[in-house]
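1. Got a predicted structure here, sequence first:
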Amino acid sequence: MRVVVVMSVAVACAHPAPAPTAPAGPDDEAQVAEANVAWFEGKVAAICACADRSCASELNREIGDWMPAHFGEARLDEAQRQRLRDAGLRTQACLAAESEISKAAQAIIDMRAIETRMCACADAACVKRVSEEFETLAKLNENTKASASEIQEAAAVVGRITECATRAGD
């Protein structure tokens, strides 16, 4: 099934992107961007709920049809781009079932949640609490196999966690 997702994304990317529509104002553009991200996340949730290959294939076709028409409609902020990346990882995890790939993808999603909590810390006590959560996650995933790109992504997340911990500890 992973091939279907990749093929849908490849097909969507092969079509020329339509000219961006011009939302009426900044608030409208933010609303369009949020609606697009929410739509995609909804499709990912539906793919993860599929019981068979045909269900996932149909949803992937819908995503493939939708993407070229909506690509470039509104600028995404960094949080929305991250949500799309996370949704892609969730899709990969769902389609890979209980494979090592899904464990690595889920570990990265969990690490990003820890990153968010760490970057919200304002004192050393918070940093300590979140660091303990991170250590627990690291122990749970110490034997998880990951691709080179997953290792690179995990390293980037760890770097951001470290930066936030250092900033909060000062």
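-> Okay, I see it. Keep in mind that what you see is a predicted model, and the values were worked out from it rather than measured.

2. Report the spatially closest residue to residue 157, excluding sequence-adjacent ones.
-> Closest residue to residue 157 apart from its sequence neighbours, by Cβ to Cβ, 6 or more residues apart in numbering: residue 111 at 4.6 Å. C-beta coordinates here come from the backbone N, C-alpha and C atoms, glycine included.

3. oh, I was asking about residue 76
-> Closest residue in space to residue 76, ignoring its immediate chain neighbours: residue 33 at 5.0 Å, by Cβ to Cβ, 6+ apart.

4. Mind telling me what element that neighbour is part of?
-> Under the criterion of DSSP states H and E, residue 33 resides in helix 26-49.

5. I'd like the distance from that helix to the chain centre, please.
-> Using Cα atoms, centre = their mean, to the nearest Å, the mean C-alpha position of helix 26-49 is found 12 Å from that of the whole chain.

6. do stretch 68-75 as well
-> 18 Å.

7. still on that earlier bit, per-residue confidence averaged over the helix holding residue 33?
-> Averaged across helix 26-49, pLDDT comes to 86.

8. packing partners for the next helix or strand after that helix?
-> The element immediately downstream of helix 26-49 (helix or strand, assigned by DSSP H and E) is helix 53-70. Counting contacts by 3 or more Cβ pairs under 8 Å, 6 or more residues apart in numbering; DSSP states H and E, helix 53-70 packs against helix 2-14, helix 26-49.

9. doesn't residue 79 make contact with residue 33?
-> No - with contact defined as Cβ atoms under 8 Å, residue 33 does not reach residue 79; the gap is 10.2 Å.

10. So if I had to pick from the two, which one is more boxed in?
-> Applying other Cβ atoms under 10 Å to residue 33 and residue 79 shows that residue 33 carries more neighbours, namely 18 against 10.

11. what's near enough to touch residue 59?
-> 43, 46-47, 50 (Cβ atoms under 8 Å, 6 or more residues apart in numbering).

12. Let me know the closest of the residues you listed to residue 141.
-> Residue 141 lies nearest to residue 47 out of these, by Cβ to Cβ, at 23.7 Å.

13. My understanding was that the closest one contacts residue 88; is that so?
-> No - between residue 47 and residue 88 there is no contact under Cβ under 8 Å: 11.0 Å.

14. more neighbours, the two?
-> residue 47 (24 against 15).
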